[in-house]
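**Q** turn this into a structure:
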Amino acid sequence: MNSYRSLRIALLGAGSVGSQVARLLLEHADELAARVGAPLELVGIGVRDVDAQRDVDLPRELMTSDLGTLVASADIVVELLGGIEPARTLLLDALASGADVVTANKALVAAHGPELFDAAEILGAQVAYEAAVGGAIPIIRPLEQSLAGDRVTRVMGIVNGTTNFILDRMHTEGSSLADALRVATELGYAEADPTADIEGFDAASKATILASLAFHTSVPGALVHREGITGITDAMVAQAERTGRVLKLVAICERLPGEGGDRVSARVHPVSLPATHPLAAVREAKNAIFVTAEAAGDLMFYGAGAGGPETASAVLGDLVSIARRHVLGGPGAASSTHADLPIAPFGDVLARHELALTVADRPGVLAAVAGLFAEHGVSVESVRQDAREAHASLVLGTHTASEARIASVLDALEAHTDVERIDSVIRLID
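**A** Numbering: from 1, shown residues only. So this is what the prediction gives:
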């Protein structure tokens, strides 16, 4: 190993991930130094409460609540606080001082990534965020580096372990959504307030990051369509199973070709997948991301999407990579948004849908309902009808149609006197 000076590492946050990062930095110091070519000196751990209980027994003398002073003393800042502030301000201060940054903060990268990347580029610093999407799964570097010479057309994946665990329990255990959520909370997969997970906010932040990387375009979070799993019912699960399908919450990022040029779509919502689809086999709280590129074809990345040690692995991978750049020299690589493609409205997205309706059980209702689809330019591919007392259940599958046309059909169905209620709407992927 050469005689390069020690690199000063400031760690912000000592929760489940931060405490594991600190532990590994201390326990594996010699091995990491050999990989980097310089010692990695953990100079401090910034926390809100220095006396709080930790998952790992860490040296008390490393703890500090003066995060600003700690950041100012570092060559590399590892941010694991979560949330927007004070993380954003601290990282901007770090970059302004010339320090590099490693973060696992998906919300921050999704909302303020361009601001951080621009600040880093001014001084030739680096922002690394592999752990922000997919936990231990390597997906950021493959999109940013390995596929840099290819043309990615689609990224689709299960990027939230909590919702995948819940839907998996509903399929395999026959649990209700509420019961599955309770188990997820008991096992530590869900937070006390699970809104970010079950309403799709967490997955939408990750979709923002993936779409921006894959298509070299800044994708604002506000333009990512988001639906969670709170509308998934036992009946929807049963219907999927009857047709050999599985329900999953997925993030979909696509390049949409058109006469006026390519556009980008990013969205999060539940889908119904054939049981033979690779994503259908992703169980419990695992994550999986399916990437399609013109030359490379289909690629799948699978593994633990959360967890202290697992996410710490991705954080340390970024830290070693950035530290090696210090030793070898050269500026940090800037994030590319050169394509700057327009964002397609959600209404322009094409998909197949399955709609379950409760209607009046009398002659002519099926024809009337099918006529509503035809009036709005949506072709019906399949129909199943079951009668029960004075009502009938219709399950209609559509050919590919735009989301705008499907929305018009739903409005018409809501207004029709023979339609008692729309029980469910789910998008189909084959």
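
**Q** run through who's touching stretch 310-318.
**A** Residues outside stretch 310-318 that contact it (CB atoms under 8 Å, 6 or more residues apart in numbering) are 17, 20-21, 24-25, 32, 78, 80, 102, 104, 128-131, 134-138, 303-304. Every residue, glycine included, has its C-beta placed from N, CA and C.

**Q** element containing residue 254?
**A** In the assignment (DSSP states H and E), residue 254 maps to strand 245-256.

**Q** tally of neighbours for the closest residue to residue 376 other than its chain neighbours?
**A** Closest residue to residue 376 apart from its sequence neighbours, by CB to CB, 6 or more residues apart in numbering: residue 408 at 4.4 Å. A count of neighbours around residue 408, defined by other CB atoms under 10 Å, yields 19.

**Q** quick one: least confident helix or strand in the protein?
**A** Of the helices and strands making up the chain, the lowest-confidence element is strand 380-388, at a mean of 86, by mean pLDDT, DSSP states H and E.

**Q** how far does the following helix or strand past it sit from the chain's center?
**A** Counting by DSSP H and E, the element after strand 380-388 in chain order, helix or strand, is strand 391-398. On the basis of CA atoms, centre = their mean, to the nearest Å, strand 391-398 is displaced by 32 Å from the centre of the chain it belongs to.

**Q** can you name every helix or strand that strand 391-398 contacts?
**A** strand 350-360, helix 365-375, strand 380-388, strand 419-428 (3 or more CB pairs under 8 Å, 6 or more residues apart in numbering; DSSP states H and E).

**Q** what's the angle from the least confident helix or strand of the chain to strand 350-360?
**A** Here strand 380-388 runs at 20 degrees with respect to strand 350-360, directions being taken by axes from the mean of the first three to the mean of the last three CA atoms, to 10 degrees.

**Q** quick check: buried residues in strand 380-388?
**A** residue 380 (16 or more other CB atoms under 10 Å).

**Q** make sure the residue nearest to residue 376 is indeed in a helix.
**A** Yes. The assignment for residue 408 by DSSP: H, G, I helix; E, B strand; the rest coil puts it in a helix.

**Q** could you number the chain from 43 rather than 1 from now on?
**A** With 43 as the first residue, the last one maps to residue 450.

**Q** averaged pLDDT, the single longest helix found in the chain. What do you get?
**A** Longest helix in the chain by number of residues (criterion: DSSP state H): helix 350-370. Taken as a whole, helix 350-370 has a mean pLDDT of 93.

**Q** just stretch 134-143 next, same as before
**A** The average of the pLDDT scores along stretch 134-143 is 96.

**Q** what lies in contact with it?
**A** 52, 110, 113-114, 116-121, 133, 157-158, 161-162, 164-165, 167-170, 364, 367-368, 374.

**Q** what sits against the nearest residue to residue 58 once chain neighbours are set aside?
**A** Nearest non-adjacent residue to residue 58, counting by CB to CB, 6+ apart: residue 350, 3.9 Å away. If a contact means CB under 8 Å, 6+ apart, then residue 350 has 57-59, 61-62, 97 as its contacts.

**Q** sorry, back to before: what residues of the longest helix of the chain count as buried?
**A** 350, 352-361, 363-365, 367-368.

**Q** same check on stretch 211-223?
**A** Those would be 211-213, 217-219, 222-223, for stretch 211-223 by 16+ other CB under 10 Å.

**Q** just flag the most distant two among those residues.
**A** Greatest spatial distance in the buried residues of stretch 211-223: 213 and 223, 14.6 Å, computed using CB to CB.
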